[in-house]
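Participant: Give me coordinates for this.
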Amino acid sequence: MKFKLDENVDVRLIPLVAEGGFEVDTVLGENLSGKRDENIYEVCKAEKKVLITLDLDFANPLRFPPDLT
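Facilitator: This is a model prediction of the structure:
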């Protein structure tokens, strides 16, 4: 499974996720900081990565439908 940490998540989570054998990168590390939520969503969708975020805007399934494929 692949994860992307949003800019509002503490980067100290990276080693914990990686130790579990998962791929993990960050919004900050990919120069996506400050981008619109829609941009972050599209990048995660294209990369088939689960976004870990504290941003409740992403909880709206009408705005950000889960990809169930």
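Participant: now what about the lengthiest helix in the chain, what contacts it?
Facilitator: Criterion DSSP state H: the longest helix present in the chain is helix 37-47. Contact with helix 37-47 is made by 2, 4, 6, 27, 30, 32, 50-51, 55, 57-58, 63-64, 67, as judged by Cβ atoms under 8 Å, 6 or more residues apart in numbering. For glycine as for every other residue, the C-beta is placed from the backbone atoms N, C-alpha and C.
Participant: which stretches of the protein have low pLDDT?
Facilitator: Applying pLDDT under 70 to the chain flags residues 68-69.
Participant: residue boundaries of the strands in it?
Facilitator: Using DSSP state E, the strands of the chain run over 2-5, 23-26, 50-52.
Participant: ok, Lys49 to Phe22 distance?
Facilitator: Note on Lys49: its distance to Phe22, by Cβ to Cβ, to the nearest Å, is 10 Å.
Participant: Which one's more surrounded, the two?
Facilitator: More crowded of Lys49 and Phe22, by other Cβ atoms under 10 Å: Lys49, with 17 against 12.
Participant: residues contacting the more buried one?
Facilitator: 2-4, 23, 25.
Participant: Recalculate using a threshold of 6 Å.
Facilitator: When contacts are counted by Cβ atoms under 6 Å, 6 or more residues apart in numbering, Lys49 touches 2-4.
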